[in-house]
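> A predicted structure for the sequence below; I have some questions about it.
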Amino acid sequence: MSIRLRLALACTVLLLLASCGTGASSQTSQADSAQAGSATTSPLRATTLDGSEFDFASISGRPTVLWFWAPWCTICRAEAPEIAKVAAELRGSVTFIGVPGRGERAAMRQFVSDGGVSGLQHVVDDDGRIWSEYGVVGQPAFAFIDGAGKVEMVNGSLTADQLQTAARALAG
């Protein structure tokens, strides 16, 4: 294989990994979790996909899963039905919130409709503040926030069983 072909292949792989996450799950360190944990008490506000104001203080003290996604992410699209299923099963015990970024609102709305996740509230991260606050570098990613505000981050995708286990642990 020529050097030029190898370089082109390597660039293509890197672009794919950067654009839609690696698919590998990894938990952050305790220091990262502590830093992200403070995000739930900060005065972070945003607008939901339907145009309402959302204040992150409203989830303080409540077990919550933040699902970071992008409308063009094929991995996110594949996860959506399972996220909707687990969110419905744990409704009343764990709050699920989608946090779309990196896309147009029309595409986000289409994703929500196509993915069957209209039962979740989706807080749009237009400027990247929310993703930055939680240390998200790519999608999909998850923030599992317990009632005390402790955050466990998973950057990458989760299997249905992993998602269900982590979310049920929040419910107690």
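In hand now; what should we look at?
> mind listing what the residue most central in space within the chain touches?
Compute the mean C-alpha point of the chain, and by C-alpha atoms, centre = their mean the closest residue is F68, 1.9 Å away. By C-beta atoms under 8 Å, 6 or more residues apart in numbering, the contact list for F68 reads V99, P100, G101, D125, W131, Y134, V136, Q139, P140, A141, F142, A143. C-beta here means a position set from N, CA and C on the backbone, and glycine is covered the same way.
> Please identify the helix or strand for V99.
For V99, the host element (DSSP states H and E) is strand 95-100.
> Name the strands paired with that strand and say parallel or antiparallel.
strand 64-69 (parallel), strand 121-124 (parallel) (DSSP bridges).
> So what touches the last one?
Contact partners of strand 121-124, identified using C-beta under 8 Å, 6+ apart, comprise 46-49, 54, 97-101, 105, 108, 112, 130.
> How far does it sit from its chain's centre?
10 Å (C-alpha atoms, centre = their mean, to the nearest Å).
> Past it, which element shows up next along the chain?
Toward the C-terminus, strand 121-124 is succeeded by helix 129-133 as the next helix or strand (DSSP H and E).
> same for whichever strand or helix holds I83, what does it pack against?
According to DSSP H and E, I83 maps onto helix 74-89. Helix 74-89 is packed against helix 3-20, strand 64-69, strand 95-100, helix 105-115, helix 160-171, with contacts defined by 3 or more C-beta pairs under 8 Å, 6 or more residues apart in numbering; DSSP states H and E.
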